[in-house]
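Enquirer: build me a structure from this.
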Amino acid sequence: MLRYRDQFLRDHAEDGVAVCGLYIRGDAVHVGLYWKTGQERKVVHFQAGDNIPVEEVTNPGFQVYLFNPIADFQNEFLPSIAALAELVSQNQLNGFVFNRVGIVYEGGKFDFQSGAFTGKTAAEKFVNCAVFLIALLKTYDYTLLNWESWPNLQPDHALELWLDHHQVPDEQKEPFYSMRKEIRGKHALVAPSTQSKPSEYVETDQMALELIKELNA
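Expert: Take a look at the predicted model:
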């Protein structure tokens with residue numbers, strides 16, 4: 001069950017992690033990863049390639065965020081998440097390209113020593129807040145959702161510019177097109193609540209639609 005911050009913190013005083021999300025407008029939800037370990041309660045969230053803040057959950061802005069706990073995440077990783085989040089936040093070498101809808105993701109993770117993103121392909125630099133969160137969890141071999149079950153999207157202008165900039169020949173572009181998915185913040189926020197684990201597209205998208213409808217009511 002999703003709860004706003006104050007209710008969530010009252011109900012979940014124990015150590016753990018959660019997806020948290022801020023409803024913006026339309027069907028747009030900005031998400032981050034919350035964790036509590038001991039007295040530490042923080043959120044890391046991707047805002048832009050060079051802006052990945054780590055903040056106290058008690059900051060006023062998080063009061064209007066919804067929180068959805070990830071019940072089966074292994075708590076022994078929590079101190080490592082805190083350290084890695086700070087490292088990734090300070091790392092300016094990843095070269096992420098923000099793309100709200102059409103991301104490319106194939107299971108990339110972060111390196112524990114450097115904080116660098118280690119995607120399988122260079123095109124995995126196309127990320128949004130949801131994919132950042134998914135990759136951070138994947139670093140600990142926790143798969144939030146089954147991205148292979150997400151339908152492919154048509155290539156957009158940003159991807160075409162990136163491919164042309166890197167001089168990718170037309171006959172070699174198809175693999176990049178086939179990896180482009182619409183994985184959004186709304187999907188990440190509801191994923192911990194799905195029956196399927198990792199979350200499958202049909203169930204997750206339906207729950208996301210219901211959430212957006214409720215938020216727009």
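
Enquirer: show the backbone phi and psi for the closest residue to Phe73 other than its chain neighbours.
Expert: Nearest residue to Phe73 in three dimensions, chain neighbours excluded: Val17, at 4.9 Å (Cβ to Cβ, 6 or more residues apart in numbering). All C-beta atoms are positioned from the backbone trio N, CA, C, and that covers glycine. When read as degrees, to the nearest 10, the backbone of Val17 gives phi -130, psi 160.

Enquirer: give me the phi and psi for Glu214.
Expert: According to degrees, to the nearest 10, Glu214 has phi -70, psi -40.

Enquirer: how deep is it tucked in, by neighbour count?
Expert: 10 (other Cβ atoms under 10 Å).

Enquirer: Lys120 contacts Glu106, doesn't it?
Expert: Yes - with contact defined as Cβ atoms under 8 Å, Lys120 and Glu106 form a contacting pair (4.5 Å).

Enquirer: sorry, back to before: what bridges to the residue nearest to Phe73?
Expert: With DSSP bridges as the criterion, Val17 is bridged to Trp35.

Enquirer: tell me the spacing between it and Val64.
Expert: The spacing between Val17 and Val64, counted by Cβ to Cβ, to the nearest Å, is 20 Å.

Enquirer: out of those two, which sits in the busier spot?
Expert: Between Val17 and Val64, Val17 has the larger neighbour count (other Cβ under 10 Å), namely 24 against 10.

Enquirer: sec struct for Cys20, please.
Expert: Secondary structure, DSSP: H, G, I helix; E, B strand; the rest coil: Cys20 is strand.

Enquirer: pretty sure it sits against His30.
Expert: No - using Cβ under 8 Å as the test, Cys20 is too far from His30 to be in contact (9.3 Å).

Enquirer: neighbour count: these two, which is higher?
Expert: Cys20 (26 against 19).

Enquirer: can you tell me how far that one sits from Glu124?
Expert: 24 Å.

Enquirer: what of Asp141?
Expert: Asp141 is 17 Å from Glu124, by Cβ to Cβ.

Enquirer: repeat that for Val131.
Expert: For Val131 relative to Glu124 (Cβ to Cβ), the value is 8 Å.

Enquirer: same thing with Gln167?
Expert: For Gln167, the distance to Glu124 - Cβ to Cβ - is 18 Å.

Enquirer: name the residue in these two with the higher neighbour count.
Expert: The neighbour count for Gln167 versus Glu124, taken as other Cβ under 10 Å, is higher for Glu124 (22 against 6).

Enquirer: so the more buried one sits in a strand?
Expert: No - counting by three-state DSSP, Glu124 is not found in a strand; it is helix.

Enquirer: tell me the pLDDT of it.
Expert: Reported pLDDT at Glu124 in the predicted model: 72.

Enquirer: who touches the residue nearest to it when sequence neighbours are not counted in this structure?
Expert: Spatial nearest neighbour of Glu124, chain neighbours left out: Gly108 (4.7 Å); criterion: Cβ to Cβ, 6+ apart. The contact partners of Gly108, by Cβ atoms under 8 Å, 6 or more residues apart in numbering, come to Phe117, Thr118, Gly119, Lys120, Glu124, Ala135, Lys138.
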